[in-house]
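Visitor: Turn this into a model:
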Amino acid sequence: MSPTLWNGATANWNDMADWSHGVPHSTMADALITTAGVYTVTIDDTSSFQVGSLALGAAGATLAIDGSLKVAGDFRFQAGALSLSNNVTLDSGRLTLGANATLTFLASALNATVGARTITNNGAIDALSFNGAHLINSGAFVNNGLIAAAHPFA
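Guide: Modelled structure (predicted):
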């Protein structure tokens, strides 16, 4: 199956017209959010998606997850922003944050879970405005970057 590339517009993940090969929603699908530009891709609170792998690599791109996203393999997060809110679940085989990547737990994230066999942070994790319960659940957590938290971080 060919990778499917986001076209660079601000829209919902489930908008078929914004993907080069339709909405990626199977463990065989490889999703790329790497097109240059300033835009937001949103997974709303009623949505749940799964992909085989995911690359987020555009400096001006934001992936806003209010629902659920399961990445069966690697989530390569090299640049841009990933924001988690509401009762969100992000689950991946391996989550790697690059030096130009920022993972933000928003104040509205009441229960955010990030799970992976291995999480490597080379960028920034921002939980300063977060007041809910959050969990980074990982087999291994390697931090080479910045973690900013106002409350205990688990």
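Visitor: Please make it C-alpha for all contacts and neighbour counts, starting now.
Guide: OK.
Visitor: so where's this structure uncertain?
Guide: Applying pLDDT under 70 to the chain picks out residues 1, 86-88, 107-112, 130-138, 150-154.
Visitor: show me what contacts the residue nearest to residue 146 when sequence neighbours are not counted?
Guide: For residue 146, ignoring the flanking residues on the chain, the nearest one in space by CA to CA, 6 or more residues apart in numbering is residue 124 at 4.6 Å. For residue 124, the contact set (CA atoms under 8 Å, 6 or more residues apart in numbering) comprises 97, 99, 101-103, 145-148.
Visitor: Quick check: the gap between residue 92 and residue 70.
Guide: For residue 92, the distance to residue 70 (CA to CA, to the nearest Å) stands at 6 Å.
Visitor: hey, what's the spatially most central residue of the chain bridged with?
Guide: For the chain, the residue nearest the mean C-alpha position is residue 82 (4.8 Å; CA atoms, centre = their mean). Judged by DSSP bridges, the bridge partners of residue 82 are residue 63, residue 103.
Visitor: same question, residue 49
Guide: residue 69.
Visitor: Quick one: residues contacting it.
Guide: Residue 49 is in contact with 25-26, 68-70, counting by CA under 8 Å, 6+ apart.
Visitor: ok, now how distant is it from residue 73?
Guide: Distance, residue 49 to residue 73, by CA to CA: 14 Å.
Visitor: Which member of the contacts of residue 49 is positioned nearest residue 128?
Guide: Distance from residue 128 was checked for each of the contacts of residue 49 by CA to CA. The minimum falls on residue 68, at 22.2 Å.
Visitor: wait, the closest one sits on residue 42?
Guide: No - contact criterion CA atoms under 8 Å: residue 68 and residue 42 do not qualify, at 10.8 Å.
Visitor: tell me the secondary structure for residue 17?
Guide: Following DSSP: H, G, I helix; E, B strand; the rest coil, the label given to residue 17 is helix.
Visitor: Quick one: neighbours of it, just the number.
Guide: Other residues lying near residue 17 total 14 when counted by other CA atoms under 10 Å.
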